[in-house]
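Engineer: Structure here, sequence nowhere to be found:
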């Protein structure tokens, strides 16, 4: 994990938030490359869950909702973790993170025994105030999850979009959880971004759709994000660990450096949420079922994943250190569609103005089609290494021959093989490779070996 944290900061993926003031635990800023990777992950999820389907629509709800939403959902009373405090070093810990009963173990931080308090419940919601006066009547909460907005807006979406069962409502958005012990880089944050979908089904089809979404979501991680299937596993929840709203839940777990941990959860929430909000609001949250001729309260299957954990997984799963003949190569094997930069254009000689001008013009021609950069700040070998380390799938070298034959050499990241392509055809060739419309046909060349 330390290697990934170092790479993330050194190459501009993720920075500690407010670092010049000492930072804040559980908060992170995504740098120039990180924000591109994060956006690409979100776009891949949205395309898979919404764009390519005719049974799921989107929503973008407010972060602050009426406080009664969180009373009806059970978050005000029950969204909490047992915690203990150390009387010596004043740090706070979740009971489930301790390796033994609090009364019998030493403080994980200072090592003192007998300093941990008795466990007490700690609500994880951030509270705030709405309006000019900070009083009890104005208390509101930053949402701890995006899901409740889909339940509250269920009737509006179903009516305006003329939906029949089964159908889903999807949302990507920020949530806030006052975690007792955030940590492990961006794995557990206090400000996080979620990708959630609520799929409303007839109660009698509950099990079918639950199995469908478990399989569908597992396939997304392997096929769309390219995560190694050997590093993924499905873990059904035991009955004693199910959430109060869930009849069955299966986690997709990843083999992180910290061990197997949740990457995404698929929960069968039954009709708990719609009935809770119906009772809390006095509204009838149901849908007309033509087959039975009656209004029913649908059951809900919820696939929910964290954007930040997805980004972390892509970085960890793609990271590799290779020992070449003369040096070590660090490479991020991530899919071209996810890569922050798709292609880097490099002049072989930066002291030749005509080469620089032609390379810069090629980069400009590429940018309307793919994310492209120009770089001449080091030797060609070092430039390759820099792009390998950030996951750039293709590098194009404009050399002296380019001025004569009107072509350039394109190099593929994983195989380090090359193709010679005409400059006028290069933008379309790269765009097709990135989109998967064309296959790589590169071959090893003496030029490539020399440049490496």
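Structural biologist: Perfect, I can see it now. This one's a predicted model, so the numbers in the text were calculated from it and none came from an experiment.
Engineer: give the contact list for the residue in the chain sticking out farthest from the centre.
Structural biologist: Checked against the mean C-alpha position of the chain, the extreme residue using Cα atoms, centre = their mean is residue 404, at a distance of 45.5 Å. Counting by Cβ atoms under 8 Å, 6 or more residues apart in numbering, residue 404 touches no other residue. Just so you know, the C-beta spots here come from the backbone N, C-alpha and C atoms, and that holds for glycine as well.
Engineer: oh, and call the first residue 16 from now on, that's how I've got it
Structural biologist: Yep, numbering from 16; the last one is residue 419 now.
Engineer: Buried ones in the helix or strand harbouring it, by neighbour count?
Structural biologist: Assigned by DSSP states H and E, residue 419 falls within helix 417-420. Buried residues in helix 417-420, counted by 16 or more other Cβ atoms under 10 Å: residue 417.
Engineer: try stretch 338-354
Structural biologist: If you call a residue buried by 16+ other Cβ under 10 Å, then stretch 338-354 has these buried ones: 345-354.
Engineer: Then stretch 210-223?
Structural biologist: Buried, per 16+ other Cβ under 10 Å, within stretch 210-223: 210-217, 221.
Engineer: now swap in stretch 364-381 and tell me
Structural biologist: 365, 367, 370-371, 373-374, 377-378, 380-381.
Engineer: now the strands for the stretch 16-165 of the chain?
Structural biologist: Using DSSP state E, counting those that start in this stretch, the strands assigned to the stretch 16-165 of the chain run over residues 29-31, 43-45, 71-73, 95-100, 107-109, 135-138, 142-144, 154-156.
Engineer: Report the central residue of the protein.
Structural biologist: Centre-most residue of the chain, counting by Cα atoms, centre = their mean: residue 322, 2.2 Å.
Engineer: just how off-centre is stretch 27-43 within its chain?
Structural biologist: 18 Å (Cα atoms, centre = their mean, to the nearest Å).
Engineer: Going by neighbour count, list what's buried in that stretch.
Structural biologist: 27-29, 31-32, 41, 43.
Engineer: can I get these in JSON lines with distance to residue 257 and pLDDT?
Structural biologist: Formatted as JSON lines, those follow (distance: Cβ to Cβ, whole Å; pLDDT from 0 to 100):
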{"residue": "27", "distance to residue 257": "41", "pLDDT": "93"}
{"residue": "28", "distance to residue 257": "35", "pLDDT": "95"}
{"residue": "29", "distance to residue 257": "33", "pLDDT": "95"}
{"residue": "31", "distance to residue 257": "36", "pLDDT": "92"}
{"residue": "32", "distance to residue 257": "34", "pLDDT": "93"}
{"residue": "41", "distance to residue 257": "26", "pLDDT": "89"}
{"residue": "43", "distance to residue 257": "31", "pLDDT": "92"}
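Engineer: For those, work out which two are farthest apart.
Structural biologist: Greatest spacing in those, by Cβ to Cβ: 27 and 41 (21.0 Å).
Engineer: how about the strands in the stretch 166-315 of the chain?
Structural biologist: 182-191, 206-216, 247-251, 263-271, 274-285, 302-304, 309-311, 314-321.
Engineer: Residue 131: which of those strands is closest?
Structural biologist: Proximity to residue 131 (Cβ to Cβ) singles out strand 274-285 among the strands of the stretch 166-315 of the chain, at 23.6 Å.
Engineer: and the closest one, average pLDDT?
Structural biologist: The average pLDDT within strand 274-285 is 96.
Engineer: Ok, stretch 107-123 next?
Structural biologist: Mean predicted confidence for stretch 107-123 is 84.
Engineer: just stretch 177-194 next, same as before
Structural biologist: Average pLDDT, stretch 177-194: 94.
Engineer: Identify each buried residue in that stretch, please.
Structural biologist: For stretch 177-194, by 16+ other Cβ under 10 Å, it's 178, 180-188, 190-194.
Engineer: in the stretch 366-467 of the chain, which spans are strands?
Structural biologist: Counting by DSSP E, counting those that start in this stretch, residue ranges of the strands within the stretch 366-467 of the chain are 387-389, 409-413, 422-427, 433-437.
Engineer: Turn the strands of the stretch 166-315 of the chain into JSON lines, columns for distance to residue 16.
Structural biologist: JSON lines is the format used below for those (distance: least, Cβ to Cβ, whole Å):
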{"stretch": "strand 182-191", "distance to residue 16": "23"}
{"stretch": "strand 206-216", "distance to residue 16": "18"}
{"stretch": "strand 247-251", "distance to residue 16": "18"}
{"stretch": "strand 263-271", "distance to residue 16": "8"}
{"stretch": "strand 274-285", "distance to residue 16": "11"}
{"stretch": "strand 302-304", "distance to residue 16": "46"}
{"stretch": "strand 309-311", "distance to residue 16": "47"}
{"stretch": "strand 314-321", "distance to residue 16": "16"}
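Engineer: Looking at those strands, spot the one closest to residue 122.
Structural biologist: Across the strands of the stretch 166-315 of the chain, closest to residue 122 is strand 274-285 (Cβ to Cβ), at 22.3 Å.
Engineer: in its sheet, what does the closest one sit against?
Structural biologist: If you go by DSSP bridges, strand 274-285 pairs up with strand 263-271 (antiparallel), strand 314-321 (antiparallel).
Engineer: out of the buried residues of stretch 177-194, who's nearest residue 435?
Structural biologist: So of the buried residues of stretch 177-194, ranked by how close each gets to residue 435 (Cβ to Cβ), first place is residue 187, at 41.3 Å.
Engineer: which residues pair with that closest one across the strands?
Structural biologist: residue 210.
Engineer: you'd agree it is up against residue 58?
Structural biologist: No: using Cβ atoms under 8 Å as the test, residue 187 is too far from residue 58 to be in contact (9.6 Å).
Engineer: so where do the helices sit in this protein?
Structural biologist: Secondary structure of the chain (DSSP state H): helices at 17-25, 47-61, 82-88, 90-93, 162-167, 169-175, 221-234, 287-296, 322-333, 368-381, 395-404, 417-420, 441-450, 461-466.
Engineer: quick one: which of those helices is nearest residue 302?
Structural biologist: Per Cβ to Cβ, nearest to residue 302 of those: helix 169-175, 5.7 Å.
Engineer: Kind regards, and thank you for your time.
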